[in-house]
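In: Sequence first, predicted coordinates after that:
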Amino acid sequence: MVHWIKMAYEDRYRQAQRAKYDCLLFDLDDTLYPLSSGLAAGCLKNIGDYMVEKLGIDESKISDLCNLLYKNYGTTMAGLRAIGYDFDYDEYHSFVHGRLPYENLKPDPVLRSLLLSLPIRKVIFTNADKIHAVKVLRILGLEECFEGIICFETLNPIHKSTASDDEDDIAFMGSSSSSSICTRSGEIFDIVGHFAQPNPLSVLPKTPIVCKPSESAIERALKIANITPERTLFFEDSVRNVQSGKRVGLDTVLIGTSQRIKGADFALESIHNMREALPELWEADKITEVVYSGKVPVETSVTA
């Protein structure tokens, strides 16, 4: 009886002392480096140029079209596929990211030290393609700080011709064909005209591309990476991505402002403010030592 009581006490002690988070999920662009770097502005310009040069869209329509596609589909790319444009994904990413002012980014030894000192699993989750993600992390000097990268190719391993209604199979169904020539699949849906109506009757077409801020996309990413949402802290500069993350059970940190909005558990002006705002993250290794010392070998944290 005494032995059973002791075991029950130890179980409760472990639960009480266990670190709150076992994974930190980080967005990449404008989260791990500041918006002032100019990459976001460059990306927007390159998307517009791609739409004009490769898809033949009238330049005067680009601004309104980009705004509506981004607002309704998460990314302009996802929106273009939804309304009927088809194109090679690698060519798109090469055009949009290949011309970015990467020279504006510099190594960040302070952030590197912060991340390496965190005794918690760390994963990147970006809508960007793998080439861009790896390049940015390499320039910042952060490539060794993360266990892995969830990127465009993770959630879109094949080029799907249509959106899937089966969210469990969303990343695996569809056509594997992908032409390097930009084509139109059927009629182009006039999304600008759609929203110009006082009371739009038609329903917006779905996109075959899986990306944030879709809740199903976030859930899919968590499943692929074996991440438990209730024990994960999500760092993002996008308000709507933060809010979607909150709805699927993540604790959230909005980066780029100190103004906390609905859906954000924390708000930091800069990712560099992590230690001051979230000191408990660095206490996880101490908790682990108290709970498991002498019983289970635990990987020690790396410090820089």
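Out: In hand now; what should we look at? These figures come from a predicted structure and were not determined experimentally.

In: low-scoring pLDDT stretches of the stretch 151-300 of the chain, where are they?
Out: The stretch 151-300 of the chain contains residues with pLDDT under 70 at 164-186, 284-300.

In: If we use 90, what do you get?
Out: Counting by pLDDT under 90, the stretch 151-300 of the chain has low-confidence residues at 160-186, 198-203, 283-300.

In: mind listing the helices in it by residue range?
Out: With DSSP state H, counting those that start in this stretch as the criterion, the stretch 151-300 of the chain has helices at 152-155, 191-196, 215-224, 239-247, 274-277, 284-292.

In: Pipe those helices into JSON lines and attach distance to residue 206 per row.
Out: Placement of C-beta: from N, CA and C, glycine included. As requested, the helices of the stretch 151-300 of the chain are arranged in JSON lines below (distance: least, C-beta to C-beta, whole Å):
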{"stretch": "helix 152-155", "distance to residue 206": "15"}
{"stretch": "helix 191-196", "distance to residue 206": "13"}
{"stretch": "helix 215-224", "distance to residue 206": "11"}
{"stretch": "helix 239-247", "distance to residue 206": "17"}
{"stretch": "helix 274-277", "distance to residue 206": "37"}
{"stretch": "helix 284-292", "distance to residue 206": "40"}
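
In: Residue 255 and residue 235 touch, don't they?
Out: Yes - between residue 255 and residue 235 there is a contact at 5.8 Å, judged by C-beta atoms under 8 Å.

In: intersection of neighbour lists for the two?
Out: 27, 31, 271 (C-beta atoms under 8 Å, 6 or more residues apart in numbering).

In: and the second one, what does it touch?
Out: This means residue 31. Taking C-beta under 8 Å, 6+ apart, we find residue 31 in contact with 235-237, 255-256, 271.

In: cutoff 10 Å now
Out: Residues in contact with residue 31, defined by C-beta atoms under 10 Å, 6 or more residues apart in numbering, are 124-126, 235-238, 241, 253-256, 268, 270-271.

In: which one of the residues you listed sits closest to residue 92?
Out: Of all these, residue 126 has the smallest distance to residue 92: 15.4 Å, by C-beta to C-beta.

In: Could you find the closest non-adjacent residue to the closest one?
Out: residue 28 (4.0 Å; C-beta to C-beta, 6 or more residues apart in numbering).

In: does that neighbour really touch residue 139, like I thought?
Out: No - here residue 28 lies out of contact with residue 139, judged by C-beta atoms under 10 Å, at a distance of 11.6 Å.

In: Which one's more surrounded, the two?
Out: residue 28 (24 against 17; other C-beta atoms under 10 Å).

In: Let's verify the more buried one: helix, strand, or coil?
Out: What DSSP: H, G, I helix; E, B strand; the rest coil gives for residue 28 is coil.

In: Now do it, the pLDDT please.
Out: On pLDDT, residue 28 comes in at 98.

In: returning to that earlier point: CSV for the helices of the stretch 151-300 of the chain, including distance to residue 52 and mean neighbour count?
Out: Formatted as CSV, the helices of the stretch 151-300 of the chain follow (distance: least, C-beta to C-beta, whole Å; neighbours: other C-beta atoms under 10 Å):
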stretch, distance to residue 52, mean neighbour count
helix 152-155, 22, 20
helix 191-196, 16, 15
helix 215-224, 28, 19
helix 239-247, 27, 21
helix 274-277, 40, 14
helix 284-292, 49, 16
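
In: Nearest to residue 163, out of these?
Out: Among the helices of the stretch 151-300 of the chain, helix 215-224 sits nearest to residue 163 (C-beta to C-beta), with 11.1 Å.

In: Run a quick neighbour tally on the nearest residue to residue 250 once chain neighbours are set aside.
Out: Nearest non-adjacent residue to residue 250, counting by C-beta to C-beta, 6+ apart: residue 234, 4.2 Å away. Residues contacting residue 234 under the criterion other C-beta under 10 Å number 28.

In: Okay, residue 234 and residue 25: tell me how far apart.
Out: 5 Å (C-beta to C-beta, to the nearest Å).

In: Which neighbours do the two have in common?
Out: Common neighbours of residue 234 and residue 25, counting by C-beta under 10 Å, 6+ apart, are 125, 218, 222, 227, 245, 250-253.
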